[in-house]
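Visitor: Quick one: sequence and predicted model below, then my questions.
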Amino acid sequence: MTTDGNRHVSPYTTREKIARVLWAMTQATLFRFSFHNCYGWRRFLLRCFGATIGRSCVIRRTVRVECPWNLTMSDNACLGDRVHAYCLGTVAIGRRVSISQDAELCAGSHDYAKQDMPLLRPPIVIEDDVWIAAGAFVGPGVTVGEGVVLGARAVAMKDLESWSIYVGNPATRIRERLRPS
């Protein structure tokens, strides 16, 4: 992005740039090559980089987290294999949330209405008792209501109503989800 046609202006502070490089090295080594069920170790590494991680969270070693200082996970939440948490903006994950393999949480976009397309960092909020199924996508600025099931490969680009089941692209509500007893 440019301001005067020539000069590139980064949306990141020097501190963020350094933190991103250090995290990338840590994630590519200590995080990625940890034993498959060393969940406490990966929680520790994420916390060292500013993430807020609750008790008993399961974070698989193949998870990719961008800017972990923008990630909050409540107790008993799970990030499955190859989940990509693109936390340019804040990503808040509630209690007992399961985010299945290959899902993507994208808290970043660009303002395409402006010539320089500046970076936007709209937050993602995933409330309690949600299941984001395999390969699903949650876009910037989306709130996933309590108890939602977002089906496999579904794409959520707008808020999802609590205790509902969504499928497709764009995600469409197909029915109510009953609360577990």
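Guide: Received it, and whenever you're ready, just let me know what you need. Numbers count the residues shown, from 1 in each chain.
Visitor: pull the longest helix from the chain.
Guide: Longest helix of the chain, by residue count under DSSP state H: helix 14-26.
Visitor: gap between that helix and the chain center?
Guide: How far helix 14-26 lies from its chain's middle: 18 Å, per C-alpha atoms, centre = their mean, to the nearest Å.
Visitor: SS state for residue 47?
Guide: Secondary structure assignment for residue 47 (DSSP: H, G, I helix; E, B strand; the rest coil): helix.
Visitor: mind listing what it touches?
Guide: Residue 47 makes contacts with residue 53, as judged by C-beta atoms under 8 Å, 6 or more residues apart in numbering. C-beta here means a position set from N, CA and C on the backbone, and glycine is covered the same way.
Visitor: circling back: quick one: buried residues of the longest helix of the chain?
Guide: 19-20, 23, 26 (16 or more other C-beta atoms under 10 Å).
Visitor: how about the helices in this structure?
Guide: Under the criterion DSSP H, the chain contains helices at 14-26, 39-48.
Visitor: Generate TSV for those helices, with mean pLDDT as supplementary columns.
Guide: Shown next, in TSV, are those (pLDDT from 0 to 100):
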stretch	mean pLDDT
helix 14-26	96
helix 39-48	98
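Visitor: Identify whichever of those helices lies nearest to residue 107.
Guide: For the helices of the chain, the distance to residue 107 is smallest for helix 14-26, at 14.6 Å, taking C-beta to C-beta.
Visitor: how about the helices of the chain in JSON lines, adding distance to residue 65?
Guide: Output for the helices of the chain, formatted as JSON lines (distance: least, C-beta to C-beta, whole Å):
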{"stretch": "helix 14-26", "distance to residue 65": "8"}
{"stretch": "helix 39-48", "distance to residue 65": "7"}
